[in-house]
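Chemist: Take this sequence and fold it.
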Amino acid sequence: MKDIILEELHKIEQVHNVKIIMAIESGSRAWGFASPDSDYDVRFIYVRNKEDYLKLEGIRDVIEWKLDEVLDINGWDVRKALQLIHKSNPTIFEWCASPIVYLQTPEFDVLKSALPKYFSPKKALYHYWHMAGTNYREYLKGEEVRIKKYFYVLRPLLAAQWILDKKVAPPMLFDELVAAELDKELLPELERLLEMKKTLPEMGMAPKVQVFNDYIEKMMPEIKKAAEQMEETETDWEFLDKLFLKFLESER
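Modeler: The predicted structure is shown next:
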């Protein structure tokens, strides 16, 4: 599958006349709890020719390439990526932390080196709190629930706890978050959930797990309160501006 993905990335470079500086897996496969029929969520960052950034009409900062039952491929312009790093957008931080890397360049290594300077614990906490709350309200309130959604709630809650404990961006792998942050008495029930998740299809339903609903109800207000009390960090543009110019001058 990696060869197929790399072939698609090469097509993108040819069709759109861009240089892809990184490509990673961003979904459940990168988190470590894919279902048997999970697709491949491939995300990439690309650089255009310098002249393209000077056009008065402007250019799109997203390439949406492929979406079918197997592949979901799209990417962001490096300018958009750097702007999101300045905002401490958790999505770009997760892309750069993915354990599954399809394509990596020296530019990607430089990009990752900028992340710690721009990480905002407050913004990240709100992001993960909102992600957990949305999935919990929409999918886990009934008697029969989509089992996969427990992981889409538990992972952001554990990521938020990681931030509170360590004051750094959380890892992508669910197992790493579990080992560091989940209450030990919940581990046996989590193992049972993981086994179900790996055997059920993406839309698989099962009775709700009350112990996790109780855990979620306990954690949500605690994380929100911590985010509200946290100071915001201030960042500048100078370093990212220099990176952007450096990327435009690099070999294509």
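Chemist: At which residues are the helices of the stretch 51-200 of the chain located?
Modeler: Listed in chain order, the helices found in the stretch 51-200 of the chain under DSSP state H, counting those that start in this stretch are 78-86, 90-97, 106-113, 115-118, 121-139, 148-166, 174-181, 187-199.
Chemist: Can you give me the buried ones in stretch 33-50?
Modeler: Counting neighbours by 16 or more other CB atoms under 10 Å, one finds that the buried residues in stretch 33-50 are 33-35, 38-48. C-beta: built from backbone N, CA, C; applies to glycine.
Chemist: typo on my end, stretch 74-93
Modeler: 74-86, 88-90, 92-93.
Chemist: just to revisit the earlier point, closest to Leu248 among the buried residues of stretch 33-50?
Modeler: Each of the buried residues of stretch 33-50 was checked against Leu248 using CB to CB; the closest is Val47, at 6.9 Å.
Chemist: For the closest one, give me the pLDDT.
Modeler: You'll see Val47 listed with a pLDDT of 97.
Chemist: Report whether the expected contact of it with Leu245 is present.
Modeler: No. Between Val47 and Leu245 there is no contact, the gap being 11.4 Å when judged by CB atoms under 8 Å.
Chemist: Endpoints of stretch 66-85, how far apart?
Modeler: Using CA to CA, to the nearest Å, the gap from the first to the last residue of stretch 66-85 comes to 25 Å.
Chemist: How about stretch 173-186?
Modeler: End-to-end distance of stretch 173-186 (CA to CA): 18 Å.
Chemist: which other residues reach it?
Modeler: For stretch 173-186, contacts defined as CB atoms under 8 Å, 6 or more residues apart in numbering pick out 30-33, 99, 151, 154-155, 158-159, 161-162, 165, 170-171, 187, 190, 211-212, 215.
Chemist: Return a PyMOL selection command for the buried portion of these.
Modeler: Applying 16+ other CB under 10 Å to the contacts of stretch 173-186, the buried members can be selected in PyMOL as follows:
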select buried, resi 30+31+32+33+151+154+155+158+159+161+162+170+171+190+212+215
